[in-house]
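Novice: My questions are about this predicted structure, shown below with the sequence.
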Amino acid sequence: MKNPLLSLSAILAASALALTACGGEGDGDHATDSAADGASPAAEGAEDGVLAVVEHMYGPTEVLEPQGGELRVVALGWSDAEIALALGVEPVAVHDWQSFGEESHGVGPWAADLFDEVDPEVIPRTDGDLDYEYIQSLAPDLILNVNSGYDEAEYQRLSEIAPTVSGPEGAANYNPGWEKQTQLVADSLGLSAEGTELIEQTHAKIEEAREAHPEFEGVEAVTGSKFGEAYGLNLSGDMRWDIMELLGFEMYGPAAELNNGEDFYADIAEEQVETFDADVAVLYPIGYTLQELQADPLISSLDVVQQDRAVFLESDSELSMAFSAGSPLSIELVLEELTPQLAEAVENLD
C-alpha cells in the first residue's frame, strides 16, 4: 500500500472542501461504541485488539484492529476519502459527493492516482437515504462519515453495520472544519500523529503562499455563487472563504455583517447583490454555465467585475471542484492555481 504521507513533503511542497486493500470480513457484530474512562480522543492501541477510540459528536467509537488483513473503510463523508488517501489508506468504497465518477474513483482528480491496490466501489450521490444493505455488503471495519449532514438516526443505523465516526462536537451540518475533519479521519485510522503532521504541512504551504503575496494583506474580499435565481455568500467555516482569510484577505464589510459564526453560507437577495462588490471577489456558478453567471445583469454591473477584480471559476473545472472539496490535497491545488489569479485581481486595484 502506498503511503503518500511519507513523501508528503514533496507532494505538499509542490502545492487541497476518505482506503485500504481488501482485508478481514466485517459485520454488524463489531460495531462497538465504548466509553473508556480517561481515554484520549484517539487512544491508539488503547488495549489489545483496539486500533483507536475516537471521540466525536455522538460519543466515543471504538475501532478494532482488523483480523487478518487491512482495515476495510467505507468513506461516506464529503472529502473523507481524500483525507484517508493523503494518509496512505485506500477506502474500499467512496461516496461520490461531487460526482467525480468511477474513472476518478469518486474523489478529485488530484487524489485519484493515490488508489493503487484498491479499486473502490463508488457510491453515487443521492438526495434519498443511504443504501444500508449495500453498505453492509461491503463488510466495512470502519465507516467514516465525518463531513456530513449529522443525522443521528443515520449515524445509529450505520453504527449497527460497523464502527462509525461522525463529525466533531458542535459542528454544523457539512461544516466540521478541515483541520478537525482531517484529525478525526486520522484518529479513526490509528494515524493520529500522521494527521497532525498533515495539518501542519498544509498550514506551512498556505503560509508559504501568503508570504509570497504580501499584497493580499488586508484586501477586502468575498467568495460566492449564483444558483438558479438565488445568490449565496460563503462565510467563515466554509473553506471557500477560509482559504482566502488564511492567505491574508479580510471579509468585505457588508459580507462580514452576515458572518454570524454559526452558518457557513448566507442567502443573498437581489437587492443585496452589492454585498459581492468587494476589492476582490471569487465567483462560481452552481447548476449552470460560467457564461450565464458572467451575463447576469446584477453581477455584471458590479465594480469588482467591471474593473477585472473578480475571479470567475468554471463550474466543472478542476480548480472549482478543489475549491469546494476542502481537503489537504485539494487545498494544495487551490494554492497552485487560484493564487496567481488572485494576484492579478489585486493588481487591478491600482
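Specialist: Good, I have the coordinates. Numbers count the residues shown, from 1 in each chain.
Novice: In stretch 235-254, which residues are buried?
Specialist: 235-244, 246-252, 254 (16 or more other CB atoms under 10 Å). Every C-beta, even on glycine, is put in place using the N, C-alpha and C of the backbone.
Novice: and that stretch, C-alpha only, in PDB?
Specialist: The C-alpha trace of stretch 235-254 is given here as PDB (Å, rounded to 0.1, in the frame of the first residue of the first chain):
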ATOM      1  CA  LEU A 235     -18.800  32.600   5.300                       C
ATOM      2  CA  SER A 236     -16.300  31.600   8.000                       C
ATOM      3  CA  GLY A 237     -16.200  27.800   8.300                       C
ATOM      4  CA  ASP A 238     -16.600  27.300   4.500                       C
ATOM      5  CA  MET A 239     -13.200  26.500   3.100                       C
ATOM      6  CA  ARG A 240     -14.100  28.600   0.000                       C
ATOM      7  CA  TRP A 241     -13.800  31.600   2.300                       C
ATOM      8  CA  ASP A 242     -11.400  30.300   4.900                       C
ATOM      9  CA  ILE A 243      -8.600  29.800   2.400                       C
ATOM     10  CA  MET A 244      -9.000  33.500   1.400                       C
ATOM     11  CA  GLU A 245      -8.600  34.600   5.000                       C
ATOM     12  CA  LEU A 246      -5.600  32.300   5.500                       C
ATOM     13  CA  LEU A 247      -4.000  34.000   2.600                       C
ATOM     14  CA  GLY A 248      -4.400  37.400   4.200                       C
ATOM     15  CA  PHE A 249      -7.600  38.700   2.800                       C
ATOM     16  CA  GLU A 250     -10.300  40.200   5.000                       C
ATOM     17  CA  MET A 251     -14.000  39.800   4.600                       C
ATOM     18  CA  TYR A 252     -15.700  42.700   2.900                       C
ATOM     19  CA  GLY A 253     -17.700  44.800   5.400                       C
ATOM     20  CA  PRO A 254     -21.200  44.200   4.200                       C
END
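Novice: Mind checking the pLDDT average for that stretch?
Specialist: Average pLDDT, stretch 235-254: 95.
Novice: Give me the distance from it to the chain's centre.
Specialist: Distance, stretch centre to chain centre, for stretch 235-254: 16 Å (CA atoms, centre = their mean, to the nearest Å).
Novice: cool, and stretch 203-218?
Specialist: 21 Å.
Novice: what's it in contact with?
Specialist: 12-13, 15, 243, 246-250, 331-332, 335, 339, 342-343, 346-347 (CB atoms under 8 Å, 6 or more residues apart in numbering).
Novice: Lowest mean pLDDT among the helices and strands, pick that one out for this structure.
Specialist: When the helices and strands of the chain are scored by mean pLDDT, DSSP states H and E, helix 8-14 comes last with a mean of 32.
Novice: Following the chain onward from that one, which element is next?
Specialist: Note on helix 8-14: by DSSP states H and E, the next helix or strand toward the C-terminus is strand 50-56.
Novice: Who are the packing partners of that next one?
Specialist: For strand 50-56, the packing partners by 3 or more CB pairs under 8 Å, 6 or more residues apart in numbering; DSSP states H and E come out as strand 59-64, helix 178-188.
Novice: packing partners for whichever helix or strand comes after the shortest one?
Specialist: Next in sequence after strand 59-64, counting helices and strands by DSSP H and E, comes strand 73-75. Other elements packing on strand 73-75 under the criterion 3+ CB pairs under 8 Å, 6+ apart are helix 80-86, strand 93-96, strand 142-144.
Novice: Need the nearest residue in space to residue 256, chain neighbours excluded.
Specialist: Of all residues not flanking residue 256 in the chain, residue 250 sits nearest, at 7.9 Å (CB to CB, 6 or more residues apart in numbering).
Novice: residue ranges for the helices of the stretch 201-350 of the chain, please.
Specialist: In the stretch 201-350 of the chain, the helices defined using DSSP state H, counting those that start in this stretch lie at 239-246, 253-256, 290-295, 297-300, 303-306, 318-325, 328-347.
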